[in-house]
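A.B. asks: A predicted structure for the sequence below; I have some questions about it.
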Amino acid sequence: HGVKEVRSLGLSPDVIVCRAAERLLPSTQNKISVFCHVHPSHVLSVHDCSNIYHVPMLLIEQGLHTILGNHFGFGDSMPEPDLGEWSRMAHDVDAFDSVVKIALVGKYTGLQDSYLSVIKSLKHASYAVGKSLDLVWVEASDLEAGATVEKRTAAWAILEDVHGVVVPGGFGVRGVDGKVHAARYCRETKKPYLGVCLGFQVMVIEFARSVLGVPKADSAEFDEALEDPFIVFMPEVDREHMGGTMRLGARDTLLKTDPFADAESANVPNCGLARALYGFADRVSERHRHRYEVN
């Protein structure tokens, strides 16, 4: 039916890739070939495998690279794909016997595709250190006082049980206090915490409230009337026209020297902690968020 619909638009497929639980039988490939007018060798099977990284190897085994090479006229000049390193990675993922458990504290946990890039990044980070990722989800608002006792208890139990916490980006005030609570818990218990975008900025807010003694510290995103906002709307961004105006790429952050630094105890003469953490650099090029930035 799919091929019929495509042909109704004037398009004819050169290759048909079939998703299935089991490898396609030759009889099934021949049947699809006859009804869709595609050579049997161009009906490829993408069946269930132990992890998604085996799929390119499935396609190579069935000659997809040769089909593409011939179609585009490369002929014998098309080199054989070198998937040696890729194959090792795919088989390593199957063999991991150690697990790292990470909690993702967000506000869109009901639509997990919202965090797809974060999820994929965490998976590849875990693979890089030879561990399988166990990702558990925490709704940020469940960490707040307004949540039911059952939800709050369950959410905090998850945070206590994991190896680390990731708080990704988001918009709007809902769930922000829960993210602040998560940041404080991780700071006080020394549990590894990665804040991305808004998740990074709530770390600043939490530190200002809990350590610097500014109980009303907040972001101008949530209250534009703040007298001393710790997070501000970036001056170079257009407030009126929102489409296509987000800051892209990295931005230089200047790291100033600290005139009050204790040279003997810190062993970093005339240098603040931020500069020391960045290898005594004068500036660092990073991207923290696209509309709001630390004041």
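C.D. replies: Right, received. Where do you want to start? Numbers count the residues shown, from 1 in each chain.
A.B. asks: mind listing what His39 touches?
C.D. replies: Contact partners of His39, counting by C-beta atoms under 8 Å, 6 or more residues apart in numbering, are Ser33. Placement of C-beta: from N, CA and C, glycine included.
A.B. asks: so how far is Ser121 from it?
C.D. replies: In this view, His39 and Ser121 are 40 Å apart by C-beta to C-beta, to the nearest Å.
A.B. asks: got it, and Phe74?
C.D. replies: 34 Å.
A.B. asks: tell me the phi and psi of Lys101?
C.D. replies: Backbone geometry at Lys101, expressed as degrees, to the nearest 10, gives phi -100, psi 120.
A.B. asks: Run through the bridge partners of it.
C.D. replies: Asp134 (DSSP bridges).
A.B. asks: From Glu188, how far out is it?
C.D. replies: Lys101 sits 20 Å away from Glu188, going by C-beta to C-beta.
A.B. asks: do Leu277 as well
C.D. replies: Look at Leu277 and Glu188: by C-beta to C-beta, they are 20 Å apart.
A.B. asks: Looking only at neighbour counts, state which of the two leads.
C.D. replies: Leu277 (12 against 9; other C-beta atoms under 10 Å).
A.B. asks: all strands for the stretch 101-250 of the chain, in order.
C.D. replies: 132-139, 164-167, 193-195, 231-233 (DSSP state E, counting those that start in this stretch).
A.B. asks: Quick one: closest of these to Ser117.
C.D. replies: Among the strands of the stretch 101-250 of the chain, strand 164-167 comes nearest to Ser117, with 12.0 Å by C-beta to C-beta.
A.B. asks: ok, and for that closest one, which residues are buried?
C.D. replies: By neighbour count on 16 or more other C-beta atoms under 10 Å, the buried set for strand 164-167 is 165-167.
A.B. asks: neighbouring strands for it, and are they parallel or not?
C.D. replies: strand 99-106 (parallel), strand 193-195 (parallel).
A.B. asks: What average pLDDT does it get?
C.D. replies: When pLDDT is averaged along strand 164-167, the result is 96.
A.B. asks: just to revisit the earlier point, specify which member of the buried residues of strand 164-167 is nearest to Ile32.
C.D. replies: Val166 (43.2 Å).
A.B. asks: Hmm, Val105 and the closest one touching each other?
C.D. replies: Yes: at 7.2 Å, Val166 counts as touching Val105 under the criterion of C-beta atoms under 8 Å.
A.B. asks: what's the overlap in contacts for these two?
C.D. replies: Shared contacts of Val166 and Val105 (C-beta under 8 Å, 6+ apart): Gly199.
A.B. asks: pLDDT at the residue nearest in space to the middle of the chain, what is it?
C.D. replies: Central residue of the chain (C-alpha atoms, centre = their mean): Val118, 1.2 Å from the mean position. Note on Val118: pLDDT of 94.
A.B. asks: Identify the residue spatially nearest to it, adjacent ones excluded.
C.D. replies: Pro168 (4.9 Å; C-beta to C-beta, 6 or more residues apart in numbering).
A.B. asks: Pull the contacting residues for that neighbour.
C.D. replies: 104, 106, 115, 118, 196-199.
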